[in-house]
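# Structural data only, the sequence is not supplied:
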């Protein structure tokens, strides 16, 4: 085992995310990660005990990188607590997630891989359920209109809108995507 | 070229769907399809000019198999045209699509593969846009309540609900899934 360092480990996990997005779960090998990270062949295998560990860490890291930064959180807590504000925050959320397209595509690859790997399935289930619950809590506590059902239904609709945008961007154009976000908020708030 | 027949071609495309679902897009090789279909190695390569052709045909075939049969269509056109009926039809739709889980998972694999293959992306875009439009037309013409926006927003929410159910079934339990379908209809009808 070579001496390990935190920055290199993070760079390898980030490289794994790019490999997942571009090559698919099946293309994720230690060798491909080394190549993507621009490090000597054999490096990744010094940092991760198994491919499973790499998959799991990639999943965790995507969620880490999808979290809003402190400035974004502060901004989202300011402004009026009304329907228009929810629409605006949802548009920002969809744009922010879409802009990390490799992360979102990698997460879809991990979901599909989870149908074949019970360990990965357990980790992702816990992570995503916690994320849904945190979204509900944040929405209600920050005084935005709508109830828990609103938040979960928005989560469903926004996720598939992002899938369309990132995988088949011409099914709905950019204009239609923003209209659909507005319509979803309009109708899902009770 | 061996003599071709229609039934064998269909069986090979169906085998390709199973391979996509279980092995991922990267695992889709002529050899894997032959093995899945239980035919001699070399058979699939006599039926399809390329892997691209096989991917495209698999996409078309999934939509064919997802279409309701005549009895299902007739049943859906009967009964009252009210909110409760929309909820019931949506539950049936989600259950029908979920029950062809390999088809739905294969379609997700194809969407991810489409980010790497412009030809496949064009075919899927056309197919899915036509499917969304047909859903809207069917809904409006059959006298169900709701407008085009209702149908598209239901399409978004139901798709992600199916993704959750098929990839990480413990994020929402079965009971919660049916409640979410009912809530989505309740709120998305204007």
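Yes, it's here. All of these numbers come straight from a predicted model, not from anything done at the bench. Residues are numbered from 1 along each chain as shown, chains lettered A, B, ... in the order given.
# residue of chain A with the smallest distance to chain B?
Relative to chain B, the nearest point of chain A is residue A:26 (3.5 Å; C-beta to the nearest C-beta). In short, each C-beta sits where N, CA and C put it, glycine included.
# Just checking stretch A:93-112 against chain B, any contact.
Yes. Stretch A:93-112 reaches chain B (C-beta under 8 Å from any C-beta of the partner chain) through A:105, A:108, A:109, A:111, A:112.
# Quick check on those residues: which are buried?
Buried subset of the residues of stretch A:93-112 next to chain B (neighbour count, 16 or more other C-beta atoms under 10 Å in any protein chain shown): A:105, A:108, A:109, A:111, A:112.
# for those residues, which one is nearest residue A:175?
Comparing those against residue A:175 with C-beta to C-beta places residue A:105 closest, at 23.0 Å.
# got the contact list for the closest one?
Contact analysis of residue A:105 by C-beta atoms under 8 Å, 6 or more residues apart in numbering or on different chains lists A:20, A:21, A:166, A:167, B:112, B:115.
# Report pLDDT for it.
Note on residue A:105: pLDDT of 98.
# so of the residues of stretch A:93-112 next to chain B, which ones are in helices?
Of those, the ones assigned to helices by DSSP state H are A:105, A:108, A:109, A:111, A:112.
# how about low-confidence regions in chain A?
A:1-3 (pLDDT under 70).
# what's next to the top helix by length along chain A, contact-wise?
Scanning chain A for the longest helix, with DSSP H as the assignment, gives helix A:118-141. Residues outside helix A:118-141 that contact it (C-beta under 8 Å, 6+ apart) are A:52, A:55-56, A:59-60, A:63, A:110-111, A:113-115, A:146-148, A:150-152, A:155, B:168, B:170-171.
# In strands, which of those appear?
Among those, the subset assigned to strands under DSSP state E is empty.
# Got a ChimeraX select line for the buried ones in those residues?
Only the buried entries of those go into this ChimeraX selection, using 16+ other C-beta under 10 Å:
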select /A:55,56,59,110,111,113,114,115,146,150,151,152,155 /B:168,171
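# now the ones in helices among the residues of stretch A:93-112 next to chain B in CSV, with distance to residue A:14?
Shown next, in CSV, are those (distance: C-beta to C-beta, whole Å):
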residue, distance to residue A:14
A:105, 14
A:108, 17
A:109, 15
A:111, 19
A:112, 21
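# any idea which of the residues you listed is closest to residue B:175?
When these are ranked by distance to residue B:175 (C-beta to C-beta), residue A:111 comes first, at 21.7 Å.
# isn't that closest one right next to residue B:171, touching?
No. Look at residue A:111 against residue B:171 with C-beta atoms under 8 Å: they stay out of range, at 10.2 Å.
# hang on, the earlier thing: what is the most widely separated pair among the contacts of residue A:105?
A:20 and A:167 (14.3 Å).
# Of those two, which one has the most company?
residue A:20 (30 against 23; other C-beta atoms under 10 Å in any protein chain shown).
# Please name the residues that touch the residue lying closest to that one once chain neighbours are set aside.
Distances taken as C-beta to C-beta, 6 or more residues apart in numbering or on different chains put residue A:106 closest to residue A:20, at 3.7 Å, once the chain neighbours are dropped. Shown in contact with residue A:106 (C-beta under 8 Å, 6+ apart): A:17, A:18, A:20, A:21, A:58, A:62.
# Mind doing that once more with 6 Å?
A:17, A:20, A:21, A:62 (C-beta atoms under 6 Å, 6 or more residues apart in numbering or on different chains).
# Quick check: of those, which has the highest neighbour count?
Neighbour max across the contacts of residue A:106 (other C-beta under 10 Å) = residue A:20, 30 neighbours.
# Contact partners for that one?
A:28, A:106, A:109.
# Recalculate using a threshold of 7 Å.
Going by C-beta atoms under 7 Å, 6 or more residues apart in numbering or on different chains, residue A:20 touches A:28, A:58, A:106, A:109, A:110.
# Was I right to think residue A:57 contacts residue A:12?
No. The pair residue A:57 / residue A:12 is not scored as a contact, 8.8 Å apart, by C-beta atoms under 7 Å.
# what about those two, which has more around it?
residue A:12 (23 against 19).
# what's the helix or strand for the more buried one?
Element membership for residue A:12, per DSSP states H and E: helix A:6-23.
# buried sites along that helix?
A:8, A:11-23.
# Can I get those in a markdown table including distance to residue B:88?
Output for the buried residues of helix A:6-23, formatted as a markdown table (distance: C-beta to C-beta, whole Å):
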| residue | distance to residue B:88 |
| --- | --- |
| A:8 | 55 |
| A:11 | 52 |
| A:12 | 50 |
| A:13 | 46 |
| A:14 | 46 |
| A:15 | 48 |
| A:16 | 44 |
| A:17 | 41 |
| A:18 | 44 |
| A:19 | 44 |
| A:20 | 39 |
| A:21 | 39 |
| A:22 | 42 |
| A:23 | 43 |
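# Residue A:40 in helix, strand or coil?
Under the three-state scheme (DSSP: H, G, I helix; E, B strand; the rest coil), residue A:40 adopts coil.
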